[in-house]
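Novice: below are the sequence and a predicted model for it; my questions follow.
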Amino acid sequence: MTGSDVKNAVEWLASVAPDPDACKREWERNPLGVSLLPAGLAWDVLILPGDLGQPTLDVLIRLVGRPGPVLADFGEARVGFFVPSGTVARWFGTGVRGAGAGTWIVVPYPGRATGGVRWLVPPDGSGSLNDPAMLELAMHEAAARNAVGPRETGGTCGTPGAGTAGDRHG
């Protein structure tokens, strides 16, 4: 991220804080480089388990090029996709958590490495978010790929993953 990109992203994120200037000071002073921001004002966050979140991000990048902001926690156990406000209230999905109105989320300073939560796709400062319909499509494709797994997707005749048991000759 360039200096102006970081400044724009910081301004955009801090704009939802009850005191944007205090938020920016917290980012500067907090040794972890994080701040607590309210969800549900400019954005909600859909939080996926890591084994679905990273593959979903990979599919989303393939579909849209540059997705909206995406966070990951330490070890990428969870991946959070920033979506338009109100999305969480309408979202139904097994294993998907949401941070919407009335909730807060730990947000790292854009463009700076932290020891825990980090940006996989930092905000660009324009307010660009992930489209919920595209995110859902990416989640379905990623879940289908996870369900099939590498064992069933590759292989040649006579090797594991080639066809079904009924297709094999002994």
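Specialist: Perfect, thanks for sending it. Numbering: from 1, shown residues only.

Novice: separation between the nearest residue to Ala77 once chain neighbours are set aside and Thr56?
Specialist: Here the nearest residue to Ala77 in space, its sequence neighbours aside, is Gly50; by CB to CB, 6 or more residues apart in numbering that works out to 4.9 Å. In short, each C-beta sits where N, CA and C put it, glycine included. From Gly50 across to Thr56, the span is 10 Å (CB to CB, to the nearest Å).

Novice: and Pro38, by the same measure?
Specialist: Counting by CB to CB, the gap from Pro38 to Thr56 is 25 Å.

Novice: so for the two, which sits in the more crowded spot?
Specialist: Counted by other CB atoms under 10 Å, Pro38 and Thr56 do not tie: Thr56 has more neighbours, with 28 against 17.

Novice: which element, helix or strand, includes that one?
Specialist: Assigned by DSSP states H and E, Thr56 belongs to helix 50-64.

Novice: for Val107, same thing?
Specialist: Assessed by DSSP H and E, Val107 sits inside strand 104-108.

Novice: repeat for Gly98
Specialist: Taking DSSP H and E as the criterion, Gly98 maps to strand 97-99.

Novice: mind listing what's buried along that strand?
Specialist: In terms of neighbour count (16 or more other CB atoms under 10 Å), strand 97-99 has its buried residues at 98-99.

Novice: other SSEs contacting that strand?
Specialist: strand 44-49, helix 87-90 (3 or more CB pairs under 8 Å, 6 or more residues apart in numbering; DSSP states H and E).

Novice: quick one on the thing from earlier: show me whatever sits in contact with both of Gly50 and Thr56.
Specialist: Any residue near both Gly50 and Thr56 by CB atoms under 8 Å, 6 or more residues apart in numbering counts here, and that gives Val79.

Novice: gap between Ala77 and Arg112?
Specialist: Ala77 is 21 Å from Arg112, by CB to CB.

Novice: any weak-confidence spans in this structure?
Specialist: 1, 149-170 (pLDDT under 70).

Novice: in it, spot the helix with the most residues.
Specialist: Criterion DSSP state H: the longest helix present in the chain is helix 132-153.

Novice: so that one versus strand 44-49, what angle?
Specialist: Angle, helix 132-153 to strand 44-49, by axes from the mean of the first three to the mean of the last three CA atoms, to 10 degrees: 10 degrees.

Novice: tell me the contacts of Ala9?
Specialist: Residues in contact with Ala9, defined by CB under 8 Å, 6+ apart, are 1, 110-111, 122-125.

Novice: closest to Ser15 out of those residues?
Specialist: Among the contacts of Ala9, Gly125 lies closest to Ser15 (CB to CB), at 10.2 Å.

Novice: before I go, just wanted to say thanks for your time.
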